[in-house]
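Novice: prediction below, plus the sequence it came from.
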Amino acid sequence: MVVFLRSSLLTGIIFFWALALQSAPQGSEGTFPDPLIPQRADPWVWKHSDGYYYFTATVPAYDRIELRRSQTVAGLADATAKVIWRKHERGPMSWHIWAPEMHYIDGKWYIYFAAGRAESIWDIRIYVLENESANPLEGQWTEKGQLKTLWESFSLDATTFEQNGKRYLVWAQKDPNIRGNTNLYIAEMDTPWSITGRQVMITQPDFPWERVGYWVNEGPSAIERNGKVFISYSASATDHNYCVGLLTADAEADLLNPASWQKSPIPVFKSSEVHQQYGPGHSCFTVAEDGKTDLLVYHARSYKEIQGAALDNPDRHTRVKVLRWGKDGTPDFGEPGESDPNIATAAADEESHYLFSYFKGNGEDGLHLAHSTDGIHWKALNQDRSFLQPMVDKDRLMRDPSIVRGPDGIFHMVWTTGWHDQGFGVAHSKDLIHWSEQKRVGVMDHEPGCRNTWAPEIFYDEVKKQYIVFWASTIDGRFPETAGMCENELNHRIYCTTTRDFETWTKARLFFDPGFPVIDSFMARDGDRWVLVTKDETRFPKAKKNLFMAVASQPEGPWTRMGEVFSPDWVEGPSLLKVKDRWLVYFDEYSRKHYKAMETKDFLTWNESSEAMTYPSGMRHGTAFAVTREVAEKLRRHDSRNATPAED
């Protein structure tokens, strides 16, 4: 429950606040200023795919909503706050502007917040704002109105999350038919501003620690880890008795069934006399810059005794700490104000997650995925069954699948649709399990002499904010000086196209011509440069069929060859992956029916991987890429659900 600031503040409150700021650590590597942001309660931090952290919280005047952003969590402390919306003079949304939180849903930004009416200040309801701009600090915020629930009663603190293809809303509300102040409810959403079906209570204040001053469960926030969905929430009055509880459900359970949720009998985060932080609560979760370390963002005061009513006090400050995980897979909140481990140290305990997209046979059965935590040992997912059957072009093949995750969080895949097609296939997915309609992109249809479009690769250009797809094609009559150097009169070069929306594509153009036939290029960013690994397809007069590197200052070239051939002959399908401080290049020794990995730190000196690569049987040309823990966990749960039962 957020607090209401009166126009006058006592001198003692200001004194205590000043002491808290003077004694706050300035932060160092792996730590954060404490407090991060003074006098901001109900904090919300969203890490977006554009590389920014976005912050909003309750402003003490309760009359507006602010946003700020930074490329680091610590940088939020000094980031400029921009007012993106102000309260009305009267009517709905004219009083008590509380607990905003922002989400990115289906390509748009949404802010959920609570507000009352100037005519009846405790008629608190949930409202929604929408913004279509890529940057939520720009563009227009549109009021979508009240988010309606079952009752017209005191309601606040809405949050939303997606699980197994469904989006849910969780919020706090007063049930007019039972004793108490607020309980937590969950319902499925049909739009970002409305719920559908039944709303279900998942917790009410049962324990004594939830009933101090007020019977309150509020401020929910969800995080999915280790096959579980965890919802933290706050309980009791907003003084030093305010604390955090925890709900847990299996990630595959029916989240609309109250029996799916287990409740901690004790608070998981409460006031600390040792560290002098009091009333911690209304927490949310984000991840550190390393992409691995989970962070807990919360508010707490720096003193216990409040002069006057708690609802008149503004001194709940935004703070942040590392959230650790126990061996049983449950979150360890620790104590507010305790010294956190260096984030690099905490991250060392976290596994990295990588996926390899590949095909088998001739690509008839479609997309396969393998998972690894070290880039060397790969295990097939989905019992090595296909995740997506090919449906485009007359051959209906899905060879050489290449996948990239865009800034919108969507995975985009392109692939070879057939041996003689003049286009490639494209499809999209949020989780690599559920896929969009497949489409064919006829990038070489305008070239009557084009004989094929092989091994398309897709990458995102962060500077131009566009996708680049490049592939190998032979066009009859082109490059006559190298005619006859390949089998079947093929004479490949690498071509490319770009798109921003996967609807409009630029005309195909030459991407890479080293002066001899080439196929199977793969690109990666290495600091301020882009590197390209490519197969020399020369067969005559002397076979090469090996890999070499080129470098450019921008992803569309021009490319300059770098170093010598580094692979054995008779290989194909290279893919690059950064694993810690080294690069791995994978390739298929197809004449030996064997996959191999080599490693480098500078793309000039190469060594065979110190460990023998293990991989699914029959794996062929694909792409290796890093994914978040959440993506990997969803795929592994999907794997478990589809496991073939053992025979008796």
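Specialist: Thanks, I have the structure now.

Novice: where does the stretch 1-150 of the chain dip in pLDDT?
Specialist: Applying pLDDT under 70 to the stretch 1-150 of the chain picks out residues 1-30.

Novice: just the strands in it please.
Specialist: 41-47, 53-58, 64-70, 82-86, 95-105, 108-117, 120-131, 142-146 (DSSP state E, counting those that start in this stretch).

Novice: highest average neighbour count across these?
Specialist: Burial of these is given as mean neighbour count (mean count of other C-beta atoms under 10 Å); strand 53-58 ranks first at a mean of 26. Yep, even glycine has a C-beta here, placed from its N, CA and C like the rest.

Novice: can you name every helix or strand that that strand contacts?
Specialist: Counting contacts by 3 or more C-beta pairs under 8 Å, 6 or more residues apart in numbering; DSSP states H and E, strand 53-58 packs against strand 41-47, strand 64-70, strand 95-105.

Novice: turn those strands into CSV, columns for distance to Asp312.
Specialist: Output for the helices and strands packed on strand 53-58, formatted as CSV (distance: least, C-beta to C-beta, whole Å):
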stretch, distance to Asp312
strand 41-47, 13
strand 64-70, 19
strand 95-105, 13
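
Novice: for Trp141, which of those is the nearest?
Specialist: strand 64-70 (8.3 Å; C-beta to C-beta).

Novice: does anything pack onto the closest one? Which helices or strands?
Specialist: Right, strand 64-70 is packed against strand 53-58, strand 82-86, strand 95-105 by 3+ C-beta pairs under 8 Å, 6+ apart.

Novice: let's see 6 Å
Specialist: strand 53-58, strand 82-86 (3 or more C-beta pairs under 6 Å, 6 or more residues apart in numbering; DSSP states H and E).

Novice: how close does Thr639 sit to Asp175?
Specialist: Slight slip there: residue 639 is Asp, not Thr. 40 Å (C-beta to C-beta, to the nearest Å).

Novice: equivalent analysis for Gln389, please.
Specialist: Where Asp175 is concerned, Gln389 sits at a distance of 48 Å (C-beta to C-beta).

Novice: looking at the helices and strands packed on strand 53-58, which is closest to Glu630?
Specialist: Going by C-beta to C-beta, the one of the helices and strands packed on strand 53-58 nearest Glu630 is strand 41-47, 12.2 Å.

Novice: the closest one vs strand 53-58, what angle?
Specialist: Counting by axes from the mean of the first three to the mean of the last three C-alpha atoms, to 10 degrees, strand 41-47 lies at 160 degrees to strand 53-58.

Novice: and the angle from strand 41-47 to strand 64-70?
Specialist: Going by the same axes, to 10 degrees, strand 41-47 makes 40 degrees with strand 64-70.

Novice: thinking again about what came up before, to Lys430, which of the helices and strands packed on strand 53-58 lies closest?
Specialist: So among those, strand 95-105 is nearest, using C-beta to C-beta, at 11.2 Å.

Novice: listing partners with orientation, what would you give for the closest one?
Specialist: strand 108-117 (antiparallel) (DSSP bridges).

Novice: distance to Glu218 for the helices and strands packed on strand 64-70 - can I get that in JSON lines?
Specialist: As requested, those are exported to JSON lines (distance: least, C-beta to C-beta, whole Å):
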{"stretch": "strand 53-58", "distance to Glu218": "13"}
{"stretch": "strand 82-86", "distance to Glu218": "22"}
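
Novice: so which of these gets nearest Asn164?
Specialist: strand 53-58 (25.8 Å).

Novice: so what touches the closest one?
Specialist: For strand 53-58, contacts defined as C-beta atoms under 6 Å, 6 or more residues apart in numbering pick out 2, 40-47, 67-70, 73, 76, 98-100, 102, 318.

Novice: before we move on, what about stretch 281-295?
Specialist: With C-beta under 6 Å, 6+ apart, stretch 281-295 has contacts from 42, 44-45, 47, 72, 219, 221, 223, 232, 234, 242, 244, 296-299, 320, 323, 343, 346-347, 350.

Novice: can you select the buried ones among those for me in ChimeraX?
Specialist: Remark: buried members of those, expressed as a ChimeraX selection using 16 or more other C-beta atoms under 10 Å:
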select :42,44,45,47,219,221,223,232,234,242,244,296,297,298,299,320,323,343,346,347
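
Novice: now the nearest residue to Ser283 once chain neighbours are set aside: which helix or strand?
Specialist: Closest residue in space to Ser283, ignoring its immediate chain neighbours: Tyr298 at 3.9 Å, by C-beta to C-beta, 6 or more residues apart in numbering. Following DSSP states H and E, one finds Tyr298 within strand 294-301.

Novice: then Arg539?
Specialist: Residue-wise, Arg539 maps onto no helix or strand under DSSP H and E.

Novice: dump the residue contacts of Tyr278.
Specialist: Counting by C-beta under 6 Å, 6+ apart, the residues that Tyr278 touches are 240, 271, 301, 304.

Novice: could you check how far it is from Asn181?
Specialist: Taking C-beta to C-beta, one finds Tyr278 at 21 Å from Asn181.

Novice: with Glu487 instead?
Specialist: Distance from Glu487 to Asn181, by C-beta to C-beta: 77 Å.

Novice: of these two, who's got more company?
Specialist: Asn181 (21 against 9; other C-beta atoms under 10 Å).

Novice: pLDDT on stretch 542-555, on average?
Specialist: Here stretch 542-555 scores 95 as its mean pLDDT.

Novice: next: stretch 242-251.
Specialist: Mean predicted confidence for stretch 242-251 is 97.

Novice: turn the contacts of Tyr278 into TSV, including distance to Met598.
Specialist: Shown next, in TSV, are those (distance: C-beta to C-beta, whole Å):
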residue	distance to Met598
His240	59
Ser271	55
Arg301	56
Lys304	61
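
Novice: buried ones only from those residues, please, as a PyMOL command.
Specialist: Per 16+ other C-beta under 10 Å, the buried members of these correspond to this PyMOL selection:
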select buried, resi 240+271+301
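
Novice: please enumerate the strands of the stretch 251-400 of the chain.
Specialist: So, for the stretch 251-400 of the chain - with DSSP E, counting those that start in this stretch - the strands run 262-263, 278-287, 294-301, 317-322, 324-325, 331-332, 353-359, 368-372, 379-380, 399-405.

Novice: quick check: buried residues in the longest one?
Specialist: Residues of strand 278-287 classed as buried by neighbour count (16+ other C-beta under 10 Å): 278-287.

Novice: quick check, nearest of those residues to Trp171?
Specialist: His282 (13.1 Å).

Novice: gap between the spatially closest residue to that closest one that is not a sequence neighbour and Thr318?
Specialist: Leaving aside its sequence neighbours, His282 sits nearest to Gly219 (C-beta to C-beta, 6+ apart; 3.8 Å). Remark: distance between Gly219 and Thr318 (C-beta to C-beta) = 13 Å.

Novice: how about Lys174?
Specialist: 27 Å.

Novice: which one of these two has more residues nearby?
Specialist: Of the pair Lys174 and Thr318, Thr318 is the one with more neighbours under other C-beta under 10 Å, namely 27 against 18.

Novice: right, and the more buried one touches Asp34 too?
Specialist: No. Using C-beta atoms under 6 Å, Thr318 is not in contact with Asp34, being 9.8 Å away.

Novice: now do the end-to-end distance for stretch 368-376.
Specialist: Across stretch 368-376, the terminal residues are separated by 17 Å (C-alpha to C-alpha, to the nearest Å).

Novice: what does that stretch contact?
Specialist: 351-352, 354-358, 378-381, 387, 577, 579, 584, 611, 613, 616.

Novice: same question for that stretch: list its buried residues.
Specialist: So for stretch 368-376, counting by 16+ other C-beta under 10 Å, buried means 368-372, 375-376.

Novice: nearest to Val551 among the residues you listed?
Specialist: Using C-beta to C-beta, those come closest to Val551 at Gly375, 22.4 Å.

Novice: in stretch 291-310, what counts as buried?
Specialist: For stretch 291-310, by 16+ other C-beta under 10 Å, it's 292-303, 306, 310.

Novice: alright, I will stop here.
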